[in-house]
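**Q** What would the 3D arrangement of this be:
(chains A and B)
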Number of protein chains: 2
Amino acid sequence: MTAVRRSVATVCLSGTLEDKLAAAAAAGFDGIEVFEPDLIASSWSPREIARRCADLGLTIDLYQPFRDLDSTDPDRFARNLRRADRKFDVMEQLGVDTILVCSSVSDDAVEDPDRLAEQLATAASRAGERGLRLAYEALAWGRHVSTWEASWEPVRRADSPALGLCLDSFHVLSRGGDPTGFAQVPADKLFFLQLADAPRLQMDVLQWSRHHRLFPGQGAFDLPEFLRCLLAAGYTGPLSLEVFNDVFRQSDPWRTAVDAMRSLVWLEEALGAVWPESGLTVPPPAPELTGHSFVELGVDGVSGPQVGSALAALGFAHTGQHRSKPVQLWEQGTARVLLNASVTRPAAAGVAAVSALGLESEDPGRSAARAQAVRAPILPRTRGADEADLSAVEAPDGTQIFFTRTGPGGWPADFLSTGTTAPGTGVLAIDHIGLTQPFDAFDEAGLFYRAVLGLEPHAVAEVAAPYGLIRTRSVTDTSRRVRLALSVSALRRGGWTPGVPDPQYVALATDDIVGTVARMREAGAPLLPLPANYADDLDARFDLPPDLLAAIREHGLMYEEDGQGGYLHAATAVLGDRVFFEVVQRLRGYDGYGSTDLPVRMAAHRRARSTAAAAPR
Amino acid sequence: MTAVRRSVATVCLSGTLEDKLAAAAAAGFDGIEVFEPDLIASSWSPREIARRCADLGLTIDLYQPFRDLDSTDPDRFARNLRRADRKFDVMEQLGVDTILVCSSVSDDAVEDPDRLAEQLATAASRAGERGLRLAYEALAWGRHVSTWEASWEPVRRADSPALGLCLDSFHVLSRGGDPTGFAQVPADKLFFLQLADAPRLQMDVLQWSRHHRLFPGQGAFDLPEFLRCLLAAGYTGPLSLEVFNDVFRQSDPWRTAVDAMRSLVWLEEALGAVWPESGLTVPPPAPELTGHSFVELGVDGVSGPQVGSALAALGFAHTGQHRSKPVQLWEQGTARVLLNASVTRPAAAGVAAVSALGLESEDPGRSAARAQAVRAPILPRTRGADEADLSAVEAPDGTQIFFTRTGPGGWPADFLSTGTTAPGTGVLAIDHIGLTQPFDAFDEAGLFYRAVLGLEPHAVAEVAAPYGLIRTRSVTDTSRRVRLALSVSALRRGGWTPGVPDPQYVALATDDIVGTVARMREAGAPLLPLPANYADDLDARFDLPPDLLAAIREHGLMYEEDGQGGYLHAATAVLGDRVFFEVVQRLRGYDGYGSTDLPVRMAAHRRARSTAAAAPR
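**A** Down below sits the predicted model:
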């Protein structure tokens, strides 16, 4: 079996048609669906568009949409046929043979299946005479035809070679439709497949469809099964994405196109891996990631010493110095923090920010090969002759992800020992890293970590924080050795936001938070004070042991519970304007990230900043 | 009757409690509802918050919310009472006597009305012993209690002096509830009123409530009637706003608080005007606005001549020069455009933008008094001894609105005649002004134009444009002599947006667009070319007379229809980076603004910009 062809509807991408074609081609798509408004707004004639697509190596697989074809009013139907003829003219010039015909949403839509079949057959026959064909699709909110079964009925009755079905995963799955029934449709009636994922939302299906679709692997639909049903039924056309999404509509189309391509690669793999006979491409699987090997902070001459002295007070020792670069290694337990003064990623003076993560891989080389196969940006590396070959990719927020092996001969050999050790404060390891995502990249990030690293994205939650709503989502390996806590503001931030509202953070695990934080305070760590009102509320909500409550009050701890267990955590002040540390202790299988405490922590960070700004220097 | 007291829940405003109290006081509120998470995140103790409020002249009218009080599990109910006792402690320190108790959403919520009444009575009795009281509210998504009638039942049965109702307009009206039934509730059981408006949305009521509430006058609910029912039933407490809105949550709270205050002033007027006995404050009504007297563009040495030469080609004559300021008056028909080279509003070099609108008022002085009464920012004016006293206010987008009288002795007398006249091209008047709104100000703007100018806001529509979704809404007087077309991107724009995607525009009316545009082309006006694909689509969709279609193709006209009639319009290139002109002809009672043509126009503007940038200078 030859590889499937991959297409993308121009409506998935932002910009004008010119931008969209270039972006789709650059991401490696084989073809496109031309969304009519993009053509209408273009100064290129249909023939010029066809030529441009040919130059870019893109086929035009579908012209769409044609709305409200059938009508109970004969005059209106005649006018609709005239409109269709004009669109057939455009199709001939474009060189596309299939047009999407949506089930009518009009008041005059035909309900009677025979009459509907007859009208569809009439239009199909006019198309057929010109070598064109109609792919009829049930909109989930169609007036009389709103399920794929209902769309099949008139197509079956019409029995015209130029009339078949377009099956759109959103329209089928949003209504809980059953794709196993595709098997009953003759393969030569399966004209076109449109793929979209979506989160499960309780809302009007039209609004859900027009605003919140996602690329496969970013939502909640079982698209591998949907695709399996269609391929098993004999579909041989392209896998084509049709995603209406408010964010993608206004994001860089080159970037969105890569995200879209990754979603198809992921989908083909998800199905191909369980159905080898499908012949679908299955890239090398992602090797298991077994832990956080390091987190690197980009620093400068101002923020470096500030973070260094905070690390010392948190119980870290400056144990190593890189052989060829201005990078310090700080360690406590298996938690390793690199302070890199040569990070080229632009940041304002005095800023410290997460620049890279080291993730321990069973096989770093295979991790890199996997990343490449699923279209992750691979980072070029410069290294000294004796230094470890670290494979790295760039995450959607710009963080570099290194695949590491920390054993003998691994990356730590690049560091010369300083001979320093420290007794430590009880920090055992990195628990997780909290990464604020760019507004446009939140859904892309979920798929990136899933497809590139083989991590599992968990449910999206929403928190009401002082400067607006925040969405959070974690990605982890199944054993929870790697945890990333992603967050994003629900709306892109505007001018009103005192300070930096969403710093990144590094969460350090301990099994005795009270002792650990006490030792840190003793050493002068910049721990964040929390309001007494917060502890009073914990007292009202939970039956906490009195000594724990006293420790919470004394040390500014935060506490929350999930269905499993409890979570104690404490934060430091924001260091270098953009990053802070947390110390965390998980109790009885707690699996969250303390997100209900986020508003209290943010307000405390703002106070600490105001106080610091007001204090005499 | 004394004036009603006006309150605002802290959850309506962005920021920390410190910001919110200051903003509420600055906007003139009498009191606040303390939203518990704001208190918990505050470093001020409840006593300190009480002191701060007293200093600001704010009373604390409600502590909220208390969730999931009742329980079928006796242990759980006991724990809930303990939790309530702790909150009663907080209330005593805050000096607030009423707490909002929401109907439970928990699995263990009590269904049996007698048992529910008994548990509410138990809690109320503990509150009553401390001089406190519970205001019980039906959440629209409560497990067993989701209507106000269902919340009244246990309150009635409990018959406790410390137990009454909280009535929230959203929870009642979102479910289509009937507020006329409030009359059956004894006045001393009407403990609290929460007001929120909302657009009509087809979505899960919880999501609708948490994300899309609006201030009164900004949505679709009949809040004057809701308030009438409650006041008629004997309610004497504050009018208090509780609005959960994603945009307000992240916008400048000082600004939001003024918007909130304006909404209450508007609501009291809306009811007071039809029910004088209510004693509600009714500000002086807005005098009728009878037309556009001028539009002023702020220009500089680069953009001024560019706009001037475009105006000349559009058939305008430079008829006047201001006596004391660098302002030119250009006229054609009754359309007047001022080019003001002394506008202080900051703009980049070479930019031209709408800086002011002149609206013809029956009584400019009363218009200004009205504006002040409904909290519009009044602009200070400097004027020469002989010059007209122009009263002006600032709209939410920063545009200055002048109330004018154009007759003899009116503002045109400030201009010395240049003696120039021009034959004109057929422009008769200003049809409307298109104003792009700041992302945070769209809902505020609807209420501003309604409350301040007495204009009518029309339905919000959404258009899929090349760089993202755009919301549009017009505001007009009832006779359509004043029309403003407001627009905003559905999401705040990010980095990917080629050029300036949302320019402002001035639409000029003609009754012969083909002749007018032909004369403008002849004179070298910078008209915007449109794609042939667009005219082909018009031909497919409409039965246009062949000569009209030919003129559309020749002159780059746009055409759309609404239920009434048709609309022909043509745009110029963007001048001075931010503004363009349209020429428009309304046919057969068409009442729209050509918004379906917006994507085509935007793509054409981008092409024109790219071409201009590429052309040799």
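**Q** who's in contact with A:Ala371?
**A** Residues in contact with A:Ala371 (C-beta atoms under 8 Å, 6 or more residues apart in numbering or on different chains) are A:378, A:391, A:393, A:452-453. Every C-beta, even on glycine, is put in place using the N, C-alpha and C of the backbone.
**Q** Report the lowest-confidence entry in these.
**A** Scanning the contacts of A:Ala371 for pLDDT, the low point is A:Ser391. It has 81.
**Q** Beta-bridge partners for it, please?
**A** A:Ser391 has the following beta-bridge partners by DSSP bridges: A:Phe403.
**Q** Could you tell me how many residues sit around it?
**A** Other residues near A:Ser391 come to 21 when the count uses other C-beta atoms under 10 Å in any protein chain shown.
**Q** thought it was touching A:Ser367?
**A** Yes. Between A:Ser391 and A:Ser367 there is a contact under C-beta atoms under 8 Å: 6.6 Å.
**Q** list residues touching both of those two?
**A** Residues touching both A:Ser391 and A:Ser367 (C-beta under 8 Å, 6+ apart): A:Phe403.
**Q** For the residue of the stretch 251-400 of chain A found nearest chain B, report the pLDDT, please.
**A** Using C-beta to the nearest C-beta, the single residue of the stretch 251-400 of chain A nearest to chain B is A:Asp252, 4.0 Å away. According to the prediction, A:Asp252 has pLDDT 97.
**Q** A:Leu190 now?
**A** The model's pLDDT for A:Leu190 equals 98.
**Q** re earlier: next up, the contacts around the residue of the stretch 251-400 of chain A closest to chain B.
**A** Contact analysis of A:Asp252 by C-beta under 8 Å, 6+ apart lists A:14, A:440, B:495-496.
**Q** what do you get if the cut-off is 6 Å, keeping everything else the same?
**A** B:Trp496 (C-beta atoms under 6 Å, 6 or more residues apart in numbering or on different chains).
**Q** Secondary structure element holding the nearest residue to A:Arg157 once chain neighbours are set aside?
**A** Closest residue in space to A:Arg157, ignoring its immediate chain neighbours: A:Ala117 at 3.6 Å, by C-beta to C-beta, 6 or more residues apart in numbering or on different chains. Following DSSP states H and E, the helix or strand that holds A:Ala117 is helix A:113-128.
**Q** Ok, A:Arg493 next?
**A** According to DSSP H and E, A:Arg493 maps onto no helix or strand at all.
**Q** what does A:Val90 give?
**A** Using DSSP H and E, A:Val90 falls in helix A:74-94.
**Q** Out of the contacts of A:Ala371, which end up buried?
**A** The neighbour count (16 or more other C-beta atoms under 10 Å in any protein chain shown) marks A:391, A:393, A:452-453 as buried among the contacts of A:Ala371.
**Q** Inside strands: which ones of these?
**A** If you go by DSSP state E, the buried ones among the contacts of A:Ala371 have A:391, A:393 in strands.
**Q** Looking at the buried ones among the contacts of A:Ala371, which one is closest to A:Arg210?
**A** A:Val452 (29.3 Å; C-beta to C-beta).
**Q** In this structure the closest one contacts A:Ala376, no?
**A** Yes. With contact defined as C-beta atoms under 6 Å, A:Val452 reaches A:Ala376; the gap is 4.5 Å.
**Q** Tell me where the stretch 501-617 of chain A has helices.
**A** Secondary structure of the stretch 501-617 of chain A (DSSP state H, counting those that start in this stretch): helices at A:513-522, A:532-541, A:546-555, A:598-614.
**Q** Give me the helices and strands touching the first one, please.
**A** The reference is to helix A:513-522. strand A:579-587 (3 or more C-beta pairs under 6 Å, 6 or more residues apart in numbering or on different chains; DSSP states H and E).
**Q** before we move on, what about the last one?
**A** Here helix A:598-614 touches strand A:461-465, going by 3+ C-beta pairs under 6 Å, 6+ apart.
**Q** What pairs with the strand it packs on, parallel or antiparallel?
**A** strand A:468-476 (antiparallel).
**Q** Show me what counts as buried in the strand it pairs with.
**A** For strand A:468-476, the neighbour count (16+ other C-beta under 10 Å) marks A:468-476 as buried.
**Q** Assign A:Thr281 to helix, strand or coil.
**A** coil (DSSP: H, G, I helix; E, B strand; the rest coil).
**Q** I misspoke; the intended subject was A:Glu296.
**A** strand.
**Q** Regarding A:Leu357, what are the backbone dihedral angles?
**A** phi -120, psi 140 (degrees, to the nearest 10).
**Q** How much space separates it from A:Ala368?
**A** Using C-beta to C-beta, to the nearest Å, A:Leu357 is found at 15 Å from A:Ala368.
**Q** Show me the shaky parts of the stretch 351-500 of chain A.
**A** By pLDDT under 70, the low-scoring segments of the stretch 351-500 of chain A are A:382-389, A:499-500.
**Q** Now do the contacts for the residue of the stretch 301-450 of chain A found nearest chain B.
**A** Residue nearest to chain B within the stretch 301-450 of chain A: A:Asp440 (5.7 Å; C-beta to the nearest C-beta). Contacts of A:Asp440 were listed using C-beta under 6 Å, 6+ apart, and they are A:247, A:251, B:494.
**Q** Drop anything exposed from these.
**A** Using 16+ other C-beta under 10 Å, the buried ones in the contacts of A:Asp440 are A:247, A:251, B:494.
**Q** In space, what's closest to the first one - neighbours in sequence excluded?
**A** This points to A:Val247. Computed as C-beta to C-beta, 6+ apart, the closest residue to A:Val247 that is not its neighbour in sequence is A:Asp440, at 5.9 Å.
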